[in-house]
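Enquirer: Predicted model and sequence below, questions to follow.
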Amino acid sequence: MDRYVPLPPLPSRVSRLNDLACDLWWSWNPSAREVFRELDYPLWRFTDHNPVLLLHLVAPERLEFAAADPEFLAIYDRAISALDAVRSGSGTWWDSQGAGPGPLAWIAPQFALHQSLPVRATSEGVVAGDLAKEASDLGVPFVGVGLMYPRAYPHQRLNADGWQQEVVEYLDWSDAPISPAAAADGTPHRLAIPIGGSEITAAVWQVRVGRSTIYLLDTDVPENHSWDRALSARSSDRDPDARLRQSILLGVGAVALLDAAGITPAVWQLAGGLAAPVILERLGRLVQDGVTFADACAKVRVSTVFNARVDAPSTKDSFAVASVDRNLAATWPALVPHRAEVLALGHHETARGAVFNAAVLGARKCGAVTVAEEGVHLSSWISAELMRVIASHVGDDWRAWEGDAAAWRGLLTVPDDQVWEIRQRLRGFLFDFMRGRARERWTREQASGGRLVALGTLLEDDALTIGCAPRLAEDGSVETLFKDADRLARIAMAARRPVQFVFAGSVEPTDEGGKHHLQRLFRQTLDPAVGGRIAFLEDYDLHVARLLVQGCDVWLTCSPAGEPSLAAVKAAVNGVPHLGPFNSRRAEGPRWSFENARTLYAVLEEQVVPAFYDRNRLNVPGGWTAIVRETLFSSIPRYAVRRAVLSAASSSRV
């Protein structure tokens with residue numbers, strides 16, 4: 001808490017600027033963002049769209065001017081009025097359903113919401129953040145509990161040889177839209193959590209997301225040992241013991257926090273195996289209060305839903321039975337008499353013997369198990385330019401019809417030239433950003449010519465641009481694209497119909513294998529044969545992801561998976577068609593890789609390139625704009641995260 005300094009006082013007429021800045025509702029509502037743009041646009045750009053930092057830096061005289069400016073005050077008053085309406089929940093879907101028994105609790109390791117609050121933005125974190133935003137839009141009372149990722153935020157930098165290096169930024173939470181959560185007596189909230197025979201102290205931070213509230217547990221406090229201070233601020237996928245401790249921290253901390261706050265969820269939604277100890281903590285509390293173990297299991301089951309990312313147990317959620325057994329006595333002493341039954345709940349046989357799998361625990365003791373479908377919060381990921389088109393062809397109330405496919409037929413009537421103009425502008429925004437990044441590297445580091453080429457300085461503004469953010473930590477399937485270097489070079493360097501590629505993605509600092517995959521990918525950007533038409537966009541965060549999925553023309557997936565990735569979904573709702581994978585029957589081996597490469601080249605040469613470059617007399621590709629319209633029409637209602645929130649909210653009323 002010593003690193004948190006509240007925002008300074010403001011002129012009384014605009015005193016709620018602080019309130020607006022500290023509520024991430026502004027991040028997906030253009031009218032709220034306009035307040036900070038109008039207050040000081042150069043500073044808004046300088047702070048990377050962080051209104052809290054902007055208010056720390058803005059000149060007092062600028063605030064005084066704004067407090068007396070009728071035009072600014074009109075924008076400000078509209079935004080504050082809209083924020084108050086959102087928080088009240090009046091007029092929302094939830095309000096129309098009548099009062100419910102309690103809020104929806106979503107327990108997840110990460111909540112990735114906006115670049116002004118940097119976290120470990122995995123796909124799971126993005127999904128959790130999008131769910132919180134959608135719940136706010138629907139008026140659903142939503143409370144999330146996660147871990148504070150991270151106190152030291154690593155930025156990705158590639159050296160001249162393409163090896164990933166981490167430049168650590170020590171974040172000042174005073175400059176982020178977050179505040180210490182207060183206990184009942186008004187003091188900063190602290191939790192004491194028993195893990196492995198010791199007691200860990202966790203500070204609690206609060207994030208406001210419109211009608212939703214998210215609490216983050218932070219062990220980086222002076223009371224803890226050094227190894228425990230980092231527990232909530234690092235990835236532990238490769239350290240089973242640390243991951244188990246993180247899991248206990250999240251599960252026990254979530255139940256203890258909501259109990260102390262007087263919040264009784266109608267339904268507990270557990271996002272993956274790391275959240276499964278919520279079950280054990282709730283069982284332990286019920287048994288300690290005199291409820292029989294069988295009745296406690298029944299009570300927990302009827303009010304808990306387990307949300308899996310895959311339909312099979314993950315090895316990341318597997319722990320040694322002995323490790324779980326040791327923590328059972330230390331953390332849940334009331335369950336010790338039922339030790340055998342508890343350990344059986346997570347029993348899972350593997351090729352190496354029996355383990356305790358947290359996902360198996362979740363599947364066995366929850367009333368429902370869902371395998372998450374890819375979905376996004378449309379207002380966060382669809383470009384502002386496209387939103388204006390949607391409003392004119394679907395209606396200003398399009399958010400009310402997100403899941404109704406028939407309501408989106410109006411998109412099929414958007415004129416070709418309008419579709420093409422939007423796609424051109426979005427590609428331009430991406431390239432402007434990339435060239436700005438390159439300029440910064442040149443100014444700050446005097447980067448070499450090769451590094452500047454790799455950053456995309458030679459990309460052509462009007463060339464077919466393919467985006468890709470491969471999962472480098474899992475495999476090297478993206479290298480499929482380069483199996484026939486000569487053929488790829490011919491495609492990229494075609495005189496009148498060039499093709500260019502923009503890659504992005506990072507790996508964990510400890511993942512040496514993933515770093516080697518990334519290095520091999522980076523070296524392709526330096527190949528003179530492709531003439532600078534392959535680029536790598538460093539430091540892939542939420543802001544970069546938004547620009548990339550909106551600005552590319554095609555989204556490429558090389559990994560042999562059956563469904564498009566979350567990034568492909570974000571691109572699709574912006575009208576960007578998905579390319580690949582082509583042969584998921586053969587998921588590994590060199591033969592699959594070469595077959596997939598040949599298919600990819602053929603699809604590019606015979607279908608994608610002609611459709612993009614065949615133009616009418618006004619230089620508009622009618623065939624391509626038809627693909628964009630169809631992608632929008634088929635993707636938006638299919639991939640709106642609203643369906644998942646409506647389903648979860650409905651279950652909380654049972």
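Expert: Arrived safely. Not measured: the values here are computed from a predicted model.

Enquirer: Quick one: residues contacting Ser136.
Expert: Contact analysis of Ser136 by C-beta atoms under 8 Å, 6 or more residues apart in numbering lists 25, 86, 142, 209-212. Every residue, glycine included, has its C-beta placed from N, CA and C.

Enquirer: Apply 6 Å and report the result again.
Expert: 209-212 (C-beta atoms under 6 Å, 6 or more residues apart in numbering).

Enquirer: Of these, which is the nearest to Asp527?
Expert: Distances from Asp527 to these, taken as C-beta to C-beta, are shortest for Val209 (44.1 Å).

Enquirer: all strands for the stretch 51-200 of the chain, in order.
Expert: Using DSSP state E, counting those that start in this stretch, the strands of the stretch 51-200 of the chain run over 104-107, 142-147, 152-158, 164-170, 179-180, 190-195, 198-209.

Enquirer: Also the stretch 401-550 of the chain?
Expert: Under DSSP E, counting those that start in this stretch, the stretch 401-550 of the chain gives strands at 464-468, 499-504, 534-537.

Enquirer: Which one of the ones you listed lies nearest to Arg243?
Expert: strand 499-504 (26.7 Å).

Enquirer: who does the closest one touch, helix- and strand-wise?
Expert: strand 464-468, strand 534-537 (3 or more C-beta pairs under 6 Å, 6 or more residues apart in numbering; DSSP states H and E).

Enquirer: neighbouring strands for it, and are they parallel or not?
Expert: Strand pairing for strand 499-504, using DSSP bridges, gives strand 464-468 (parallel), strand 534-537 (parallel).

Enquirer: okay, those strands in TSV with mean pLDDT and distance to Thr264 next?
Expert: Shown next, in TSV, are the strands paired with strand 499-504 (pLDDT from 0 to 100; distance: least, C-beta to C-beta, whole Å):
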stretch	mean pLDDT	distance to Thr264
strand 464-468	97	44
strand 534-537	95	45
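
Enquirer: Minimum distance to Leu17: which of the ones you listed has it?
Expert: strand 534-537 (32.9 Å).

Enquirer: Once you drop chain neighbours, what's closest to Phe536?
Expert: Excluding the flanking residues, the one nearest Phe536 by C-beta to C-beta, 6 or more residues apart in numbering is Phe503, at 5.0 Å.

Enquirer: thinking that neighbour is in contact with Gly467, fair?
Expert: No. Phe503 is beyond contact range of Gly467, at 7.9 Å (criterion: C-beta atoms under 6 Å).

Enquirer: returning to that earlier point: what would the strands paired with strand 499-504 look like in TSV with mean neighbour count?
Expert: As requested, the strands paired with strand 499-504 are arranged in TSV below (neighbours: other C-beta atoms under 10 Å):
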stretch	mean neighbour count
strand 464-468	25
strand 534-537	24
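
Enquirer: Compare those and give me the one nearest Glu440.
Expert: Nearest of these to Glu440, taken as C-beta to C-beta: strand 534-537 at 13.1 Å.

Enquirer: Would you state the helices of the stretch 501-650 of the chain in chain order?
Expert: Assigned by DSSP state H, counting those that start in this stretch, the stretch 501-650 of the chain shows helices spanning 512-524, 542-551, 566-572, 590-603, 609-613, 622-639, 642-651.

Enquirer: thinking again about what came up before, could I get the strands of the stretch 51-200 of the chain as a markdown table with distance to Glu349, mean neighbour count and mean pLDDT?
Expert: Conversion of the strands of the stretch 51-200 of the chain to a markdown table gives the following (distance: least, C-beta to C-beta, whole Å; neighbours: other C-beta atoms under 10 Å; pLDDT from 0 to 100):
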| stretch | distance to Glu349 | mean neighbour count | mean pLDDT |
| --- | --- | --- | --- |
| strand 104-107 | 27 | 27 | 96 |
| strand 142-147 | 30 | 27 | 96 |
| strand 152-158 | 37 | 17 | 82 |
| strand 164-170 | 37 | 13 | 85 |
| strand 179-180 | 45 | 18 | 93 |
| strand 190-195 | 27 | 18 | 94 |
| strand 198-209 | 32 | 21 | 95 |
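
Enquirer: could those strands go into a markdown table alongside distance to Leu646?
Expert: Compiled in a markdown table, the strands of the stretch 51-200 of the chain are given as follows (distance: least, C-beta to C-beta, whole Å):
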| stretch | distance to Leu646 |
| --- | --- |
| strand 104-107 | 11 |
| strand 142-147 | 12 |
| strand 152-158 | 34 |
| strand 164-170 | 38 |
| strand 179-180 | 30 |
| strand 190-195 | 32 |
| strand 198-209 | 18 |
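
Enquirer: Figure out which of these is closest to Arg339.
Expert: Among these, the nearest to Arg339 by C-beta to C-beta is strand 190-195 (16.8 Å).

Enquirer: Please name the strands paired to that closest one in the sheet, noting orientation.
Expert: strand 198-209 (antiparallel).

Enquirer: Contacts for the strand it pairs with next, please.
Expert: Here strand 198-209 makes contact (C-beta under 6 Å, 6+ apart) with 23-24, 132, 136, 178-179, 181, 189-193, 214-219, 221, 223-224, 228, 253.

Enquirer: So how do I select the buried members of these in PyMOL?
Expert: Entered in PyMOL, the line below selects the buried ones among the contacts of strand 198-209, by 16 or more other C-beta atoms under 10 Å:
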select buried, resi 23+24+132+136+178+179+181+189+190+191+193+214+215+216+217+218+219+221+224+228+253
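
Enquirer: rewinding a little: tabulate the helices and strands packed on strand 499-504 (TSV), appending distance to Leu270.
Expert: Below are these laid out as TSV (distance: least, C-beta to C-beta, whole Å):
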stretch	distance to Leu270
strand 464-468	32
strand 534-537	34
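
Enquirer: Please name whichever of these is nearest to Val573.
Expert: strand 464-468 (14.1 Å).

Enquirer: can you tell which of the helices and strands packed on strand 499-504 is closest to Val119?
Expert: Closest approach to Val119 among the helices and strands packed on strand 499-504 is made by strand 534-537 (19.6 Å; C-beta to C-beta).

Enquirer: ok, and what's touching the closest one?
Expert: With contacts defined as C-beta under 6 Å, 6+ apart, strand 534-537 is touched by 454, 456, 459, 501-504, 522, 524-525, 544.

Enquirer: redo that, cut-off 7 Å
Expert: Contacting residues not belonging to strand 534-537 are listed as 434, 454-456, 459, 500-504, 522, 524-525, 544, 548 [C-beta atoms under 7 Å, 6 or more residues apart in numbering].

Enquirer: Same question for stretch 417-432: list its buried residues.
Expert: Using 16+ other C-beta under 10 Å as the test for burial, stretch 417-432 gives 419-420, 422-423, 426-427, 430-431.

Enquirer: Do I have it right that Arg282 meets Ala256?
Expert: No. Between Arg282 and Ala256 there is no contact under C-beta atoms under 7 Å: 10.8 Å.

Enquirer: Neighbour count for those two, which is higher?
Expert: Using other C-beta atoms under 10 Å as the criterion, Arg282 and Ala256 rank with Arg282 on top: 23 against 19.

Enquirer: Quickly note the distance from the more buried one to Leu250.
Expert: Distance of Arg282 to Leu250, computed by C-beta to C-beta, to the nearest Å: 13 Å.

Enquirer: ok, now Trp26?
Expert: According to C-beta to C-beta, Trp26 stands 28 Å off from Leu250.

Enquirer: Between these two, tell me which one has more neighbours.
Expert: Neighbours per residue, other C-beta under 10 Å: of Trp26 and Leu250, the larger number sits with Leu250, 28 against 25.
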